[in-house]
Structure formats: structure tokens, C-alpha cells
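[1] Structure for the following, please:
(chains A and B)
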Amino acid sequence: MLNRRDFLTAVAAGGSVLALPRIAMGDDTKPAKPSERTLVLLHLNGGNDGLNTVIPYKHRRYRTLRPGIALDRGRVHKVSDDLGFHPALNGFRDLWNRDRLAVINGVGYPNPNYSHFRATEIWFTAEPEKSPTYGWLGRTIDTKPSEKPLRAIALQKEQPLSLVAGSPGVVTMTDFGRFRVPSGLDEVTKLYKEYGKLEGTQGKVGQAGEQAIRVAERIARLRPADGPFYARLGQDLRKVIALLRADLGLECIQLSMGGYDTHANQSASHNRLLAELGNNLNAYQQQLERLGVADRVTTVVFSEFGRRATENLSGGTDHGSAGPVFVIGKGLNPGFHGAYPSLDDLDRENFKYTTDFRRVYASVLSHAYRMDPKPVVGAYEPLDLFAS
Amino acid sequence: MPKLLEGPRAIGHLLRRAGFGPDSASWETYAGRTDYDAVVDELLAALDTKPEPDPDGFDPFVPGAIQQLWLERMVSGRNALAEKLALFWHGHFATSNTKVKDAALMWAQYKLFRGAGGGRFEDLVLGVSRDVAMIRWLDGNANRKGHANENYARELQELFTLGIGEYTEEDIREIARAFTGWGSRHHEFVFREHFHDKGEKTFHGETGAFGGEDVVKILVGLPACPRFLARKLLAWFSHPEPTKDEVEAVAEAFRAADGDIKTTLGAIFRSETFRSPKSYRALVKGPVEFCVGALRAAGRSTVPAWIHGGLDRMGQILFQPPSVKGWTSGTGWLSSGAVVERLRIAQRVAAGATTDATSRVIDLAFQNDVPDPLKTTLETVSGKKRITVALGSPEFQLA
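    As a prediction, the model looks like this:
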């Protein structure tokens, strides 16, 4: 990389300043506005089996609870005296070794719900006692009113409840190219603006349309990043990197990875899922660091619940309760946080949670958004996840 | 009392809800009618029709074939309400071929919705409980005595009959036992007696050596069931967020009709709430409704192949709902990517229409009721672009 002297020499020799990456320009040229910090939230859809993800490989009950699907102790990536990652999680082991991974064990909440939908709603709203209105990230956005047409992106077909906000700026998308608005439709564009001022469903349709059209042109020009990515998650992460690199001022990007509802024959499928998860996320984090954007990105990986401690007769596991949450990035207090849930003291075959998920959210809000988390998630004490 | 919708506005409203909006022929038939209740009866009669037989040589395993055929029936079939109701049930008992992995089974499930969708709800739920696609979808074959799989027992209560909060975890465990042994072999339902738990079960205050049939009867007889279904039917056919009183009125109609869906739908369409301005264009068309409505208005009797990609990008591939909870609704469909896609589709549909038919397309799209600011805007554009603006407008996204 160029140092300051090389840089000046290059300019003096007639090199173009514009051709140099911003990072080479040192302290002299700060960007006009500081870049937003972006939270990247990855939902493992279906309920990831936490017990076979972060494995208490020495525990005598592990094999009793999981006679058919326990992982061989010798193959587990042992990262502490009693815990290790699933053998397919090479990527997580690498992130761990580079101090880029914090794992919060036993994350859940009182009176766990075992329905995918309700449990997802609870995680997405952080309000287990209420019927859902706005999402926890939507409320976060609402605490900082802004007219920006683009504040958060869901890289999926339907807007997740977590991002439902009172204010505009939340965009749902799957593909950059599809954002190219057909040309010559100024009349339609204007109509959406006018409808946006109306009441009721008409107004909502108007606002959504107007917003779509405003941000569309900008996104349509992006291209997914290249790299050693594969499978659906890999394709999505290529887009996440492109969005982060474009410095759009995004506050949040949410995406999801499906397939975790492993009721039957889970060994092979869970192995594949975790390999995709770890390998892709490891490559993604490395690329963010190479591109110089990693300092403003925190990535959080969660699932709506863990699975039952005991396996079922189909070689799978049914819906459970608490599970691990993973935080990936720079500037972490890496390693394990929160107590691993007891394998001896179960609640009808389910784990008892040890850390409330709202404490994880509180940590993320105070770090990534530099805000008081209380108005959004309530009085939950942040965990010590971040070094800075 | 709010003023009731009258004349062509009432008829247009009804045709959007009890179908996908009129095509040329049906608007000719109904536009001038003033006997609203008789029109309701005529539309309801579609529910007594048998599903059309599969065309000769129809092969459900050809990729896209089942989506194509169903869309064609929505666009050009004569039984719009039956198809609309089947679409409602498909979202209600949402089953996805991504797990079932057998298009013939998905097609058989569609026929169940199409054939039994207007009958007694209890019969439909029993049919769904024995439906092979559903059994594969919610792990019926893994549900065995001593090792119950709770997947179906949970969703049956949460999403199909009662709603969340109306059952306990214990109810789920016990109902799962009652369904043990309900499985499939190839394309057939089978009851495997040796896997069935013949013991006593207790759920929702009843105790007995119950089987799946008993479960269905008991669940549908609980007070929560008519209310749950009434709320969903109102939100799909009438207006979003129905009030408690509105729900109760429809639930009462459902009970009085012994759970007959056709009668319940009739009660909704005849209700003052349905015919009030509150319900008028108060629903957001889902992607399928938007595409089908646009094609009908544009006089297309076939379904162009490019529509499938558009539906995918708007998040609604038939037979592939995102989860057992079904599709989103209302403004949930208005993600930004989907709105841009709607504009593209409007443009493509317009490109396929003949220029001299422009006014006709707009009449059909809005059933002669074009409000401002759309009306003024349409006066400023001409040719095919008028159709693009009309179909891409916010007004056309509303049903």
C-alpha cells in the first residue's frame, strides 16, 4: 500500500488523485460525511440446532440426548475446554482464530414459543408480550427521523417484520438489475407521489411506489462482488458486499438463509447448511476487511429458536428454545459470552435460556447505532460484546 | 349508517373481490345490473361447478405446467370466484412444492380446494388432513405412536382452524397422538394402524381414544374456529383489519350455515360493511391478482410465459408459498422491488394490447370508475402508454 510520501510523489509525478483508492489518501481527505455503521442481520430460518452447532463435546449427556446424531468428539473444532464448533464450521473456526467471532450461548426469552412464526415475530419485534406492530429495527430507525429514501434493505422477497417502521427508507429487494425503472414513465412516478399524500391504503401504495422509484436508479447500477462464494447465501453475501462498498449510508441489511427446520434426517442437511454458513461468512468478512469497510460493519447471525435437546425418531430434532447467537466483525471482545444452557436441567426436553435476546439487541444498538437501547428494547443491560 | 355502494360501482367492487376483476364478456353481462343480490347468487353458483378436467396431454411434471394452467383458469375460466377461493385456501393451508417435490400432488391439492372449497369447512379440513401433499409438507409419515411428530398438530390449530393463543402445548402433543399413523404411500393416503396410538387423549377439555377425524370435528366446533376463519375471510374478501363486531357477524353466519363456506361468503358479500365505502378499493392486490386482473382487462385469454418470472420477483409463485403461514398481504406486497416489477408488467401487458382498444382496457381495469388524480393524468397520455399508466398506477394496485 502507498504511504503518505509515495502518495505525494505519485501526485507530483502526474498521477491522478482520483485514480487512487480513498484509503490511500490518509487523513487529509475525510469523506464529506462520516459513513453510517451498518448492521448486517442474518436469520437462520427454521430454527437452527444450537446443540449441534456449538457442541459441549465433553458433556456426558450430549451423547445420551443425541444417540443417533451426536457429532464425533474427534471431529469437533474444539475452541475451548468444553465447547467446539460443528465439524463443518471451518469458517467459524477461522473467524474465531482471527478474533472476529463472538458467540453468545443460550440466548432466548421467558416462556419460549415453539411456533416458527410466533417465535420469529418475537425475535423480529423484541416484544414477546404484544401482538406485532413495528419491528425492533423499524423502531430503531424511527428513533432517528430522516427523509433519506434508503436506510435499510431486506435482501429477500418479502419485507421482514423486523424492518417494519413508521418512517420511510426500508427497501425490500432480491436483485439489483430488477430495480431499473422502465423509462418514460414520469406520469406514473408522479401519480405515486400524489397518492402518497392520500389517506389509508391509497396513501400507503403511493408512498411505497414513490420510494421504490427514487432508490431504484441508484441500486440498479450495482454489481454483486466477486469472491469464493457459493450457494444461495453466497449469492446474497455478494450483494451485501456490493451494497456496503457503495457506501449508501445503510443502517441495516437483513437477509435470511433457509433450511434449518430439520425434523428428519438432519445430519447430512445440517452439515451442508453449516458448511455454507461458515465458509461464506468467513470469505465475506475477509473481503470486507480487504475493501476497508469492515470497521463500519457488524454482522449478527441468529435463529428464531434452537431445537429440542433430545433427537426424534426420524433422525431429526423438533422445535426447541434457546440457542447461540453469533456476532462477526472487527473490534469485538471475541470468544464465548453467556453461560451454555444446562444439559441436565431441561424444561421438558428443552433448554432453559441463560441470556435474554434483548441483551444482544441492546449491545448491538449501543455499539452499531451509538444509541440508548432502552426506548427500543427496554431496560436490558448490554453485553460486553464490543471492545470499542 | 354509511351510504351503500350502488350500481356499477357496487358491481365492479363485487367482481374485483369475487374474482379478479371483469373481462370483456363478464362486464357486458353484469355492468348494467341493478339487482345486486341476484348477481351475488350467480357468482356464488360458480362454487357448485366441478373443476374443469385437465386438458389432454397435461403433464404436471413439466416445470411451470401447474402454475400455467391455474393462471389460465383465473384469466379465462368462467368460474372466477371458485378460482379466487381456491387461491385463498392455497394461502390458508399453504403447502409448498419446495418440500413436497411432486407437482402431481400439488395439483391434486389444488383440485381439493377447487372442488371442496365452497363446501363445509369441516369436510375441507378433513380432506386437507388426508391430502398427500399436506402429509409430506408437515411430516405426517414421521408421526408414529410413541414418537409423535407435532408439526401438523401445531399448524392445524395455529394456522388452519383456531389461531395463535387458542391452544396449549399440551393440546398439540395430544392432537399429534391422535393423528399418528396418518401417512401416505406414493400418491395415496394410508392409515397405518400399527403406528396409531389407540390410547386416550385429552385436549380442549375432551377426553377419548380420539383419532384424526375426531380432532377435526372438535376443533371446528370450538368457538375460536368460526371467528378465526371469519377474520381471515373478511381480510381477504372485504377489508383489512375487520372489527370484532364484523367478525362476530360473519362467524354467526358460518355457525348458522353449519360451517358452509358458500353461505358464509354470501353473507359477506351481502353485508353492509362489504358494500360500504370503507371496503371500496381498500385491499392491495397480491401479485397473482394484479397479473390476472391486468391480463383480463387487456383482453388476453392466454397467459404469457414471462409472467412467471415477474411473479417470482414479486414473491408469489403458485404452489411455492414462502412458509406454512402463507403469503403476506396488504402493504406487505408493496416492497420496493415488487412495485418496480409491477410497472414493468404494466408496460409489457400494454405492449401486447391493440392501440384502438385502449379505452376499453381502462374501462375494464377500473369498471368505469376512474378517480382523480388518475383521471386527469390519463387525459394527458395517449396510445399504449395510457394502458401502461393505468395498470401501473397506484389505483390499479387496489382491489
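
[2] going forward, measure contacts and count neighbours with C-alpha atoms only.
    OK.

[3] touching chain B at all, the one helix or strand A:Glu210 maps to?
    A:Glu210 is part of helix A:200-220 when elements are defined by DSSP states H and E. Yes. Applying Cα under 8 Å from any Cα of the partner chain, one finds helix A:200-220 touching chain B at A:200-202, A:204-206, A:208-209, A:211-213, A:216.

[4] Only the buried residues of that helix, if you could.
    By 16 or more other Cα atoms under 10 Å in any protein chain shown, the buried positions in helix A:200-220 come out as A:201-213, A:215-216, A:219.

[5] Stretch B:145-160 now?
    B:145, B:147-160.

[6] ok, now stretch B:190-207?
    The neighbour-count check on stretch B:190-207 (16+ other Cα under 10 Å) flags B:191, B:195-198, B:201-204 as buried.

[7] before we move on, back to that, what about dumping the CA coordinates of the helix holding A:Glu210 to PDB?
    Provided in PDB are the C-alpha atoms of helix A:200-220 (Å, rounded to 0.1, in the frame of the first residue of the first chain):
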ATOM      1  CA  GLY A 200     -55.400   4.800   4.000                       C
ATOM      2  CA  THR A 201     -54.400   2.100   1.600                       C
ATOM      3  CA  GLN A 202     -54.100   4.600  -1.200                       C
ATOM      4  CA  GLY A 203     -51.600   6.600   0.700                       C
ATOM      5  CA  LYS A 204     -49.500   3.500   1.600                       C
ATOM      6  CA  VAL A 205     -49.500   2.300  -2.000                       C
ATOM      7  CA  GLY A 206     -48.400   5.800  -3.100                       C
ATOM      8  CA  GLN A 207     -45.600   6.000  -0.600                       C
ATOM      9  CA  ALA A 208     -44.200   2.600  -1.300                       C
ATOM     10  CA  GLY A 209     -44.200   3.200  -5.100                       C
ATOM     11  CA  GLU A 210     -42.600   6.600  -4.800                       C
ATOM     12  CA  GLN A 211     -39.900   5.300  -2.600                       C
ATOM     13  CA  ALA A 212     -39.200   2.400  -4.900                       C
ATOM     14  CA  ILE A 213     -38.700   4.600  -7.800                       C
ATOM     15  CA  ARG A 214     -36.400   7.000  -6.000                       C
ATOM     16  CA  VAL A 215     -33.900   4.400  -4.900                       C
ATOM     17  CA  ALA A 216     -34.200   2.100  -7.900                       C
ATOM     18  CA  GLU A 217     -31.900   4.000 -10.200                       C
ATOM     19  CA  ARG A 218     -29.200   4.000  -7.600                       C
ATOM     20  CA  ILE A 219     -29.300   0.400  -6.800                       C
ATOM     21  CA  ALA A 220     -29.700  -0.700 -10.500                       C
END
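
[8] my read: B:Val100 touches B:Ala133, true?
    Yes. Between B:Val100 and B:Ala133 there is a contact under Cα atoms under 8 Å: 5.9 Å.

[9] Now do the helices in the stretch 51-200 of chain A.
    Per DSSP state H, counting those that start in this stretch, the stretch 51-200 of chain A carries helices over the ranges A:60-65, A:90-97, A:116-125, A:136-142, A:186-195, A:200-220.

[10] I'd like those written out as TSV, with mean pLDDT and distance to A:Leu83 added.
    Below are the helices of the stretch 51-200 of chain A laid out as TSV (pLDDT from 0 to 100; distance: least, Cα to Cα, whole Å):
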stretch	mean pLDDT	distance to A:Leu83
helix A:60-65	97	12
helix A:90-97	98	12
helix A:116-125	92	25
helix A:136-142	93	31
helix A:186-195	93	55
helix A:200-220	82	42
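
[11] hmm, back to that, for the very next helix or strand once past the helix holding A:Glu210, enumerate the helices and strands it packs against.
    Using DSSP H and E, the next helix or strand after helix A:200-220 towards the C-terminus is helix A:231-245. If you count contacts as 3 or more Cα pairs under 8 Å, 6 or more residues apart in numbering or on different chains; DSSP states H and E, helix A:231-245 packs onto strand A:252-257, helix A:266-290.

[12] Can you find the helix or strand of the chain with the lowest average pLDDT?
    The chain I'm using is chain A. Here the helix or strand of chain A ranked lowest by mean pLDDT, DSSP states H and E is helix A:4-12, holding a mean of 38.

[13] could you do chain B instead?
    helix B:97-100 (a mean of 86).

[14] buried set for that helix?
    In helix B:97-100, residues buried by neighbour count (16+ other Cα under 10 Å) are B:97, B:100.
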